[in-house]
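Asker: Here is my input; please provide its structure:
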Amino acid sequence: MLDQFAAMPSAAQEAFVLTNYKPGSYAGTIRDRLAALPAQERTGKYRDTIRRLLRLVERQEVRASTGKTDAQLATAQAAFMDAEALRVAARHRSPAVRDAVAAARRPPAP
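Answerer: As a prediction, this is how the structure comes out:
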């Protein structure tokens, strides 16, 4: 399964996770297959493939638990990062950083 998953294009990998993982429970085909792998293969040969697989599972869980789309989550994360940058800049009283962050937040001129 993992060799086939690794060979799939990104969109097919996402479709695979949607088909083989039910949000809200770590159960089903994916869990069974990962549990059956020897520890050496989980940490060696398939390490990066498993990371990709679990990253997709995590994304599916976040969408399911928040009820938000990827675009909505990205917008919320961007707002958080902007606010955090401004907070850090204010704490350091760095006018150059504050100005750069404020300029980045302004919408582009038409």
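Asker: average pLDDT across stretch 89-96?
Answerer: For stretch 89-96, mean pLDDT is 74.
Asker: and what of stretch 21-33?
Answerer: 78.
Asker: how about it: buried residues?
Answerer: 21, 30 (16 or more other Cβ atoms under 10 Å). Placement of C-beta: from N, CA and C, glycine included.
Asker: got it, and stretch 12-22?
Answerer: 13, 16, 17, 20, 21.
Asker: Can you add distance to residue 100 and give these back as TSV?
Answerer: TSV is the format used below for those (distance: Cβ to Cβ, whole Å):
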residue	distance to residue 100
13	37
16	42
17	38
20	45
21	41
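Asker: Let me know the closest of the residues you listed to residue 29.
Answerer: Nearest to residue 29 among the buried residues of stretch 12-22: residue 20, at 4.3 Å, using Cβ to Cβ.
Asker: Give me the distance between the closest residue to that closest one other than its chain neighbours and residue 17.
Answerer: Using Cβ to Cβ, 6 or more residues apart in numbering and skipping the chain neighbours, the partner closest in space to residue 20 is residue 29 (4.3 Å). Using Cβ to Cβ, to the nearest Å, residue 29 is found at 10 Å from residue 17.
Asker: likewise residue 54?
Answerer: Distance, residue 54 to residue 17, by Cβ to Cβ: 9 Å.
Asker: next one: residue 4
Answerer: Residue 4 is 13 Å from residue 17, by Cβ to Cβ.
Asker: Which helix or strand contains residue 86?
Answerer: In the assignment (DSSP states H and E), residue 86 maps to helix 70-92.
Asker: List the buried residues for that helix?
Answerer: In helix 70-92, counting by 16+ other Cβ under 10 Å, buried: 85, 89.
Asker: in whichever helix or strand comes after it, what counts as buried?
Answerer: Next in sequence after helix 70-92, counting helices and strands by DSSP H and E, comes helix 95-105. Buried residues in helix 95-105, counted by 16+ other Cβ under 10 Å: 98, 101.
Asker: elements contacting helix 95-105?
Answerer: The elements that helix 95-105 packs onto, with contact taken as 3 or more Cβ pairs under 8 Å, 6 or more residues apart in numbering; DSSP states H and E, are helix 70-92.
Asker: give me the number of residues near residue 11?
Answerer: Applying other Cβ atoms under 10 Å, we find 8 other residues in the vicinity of residue 11.
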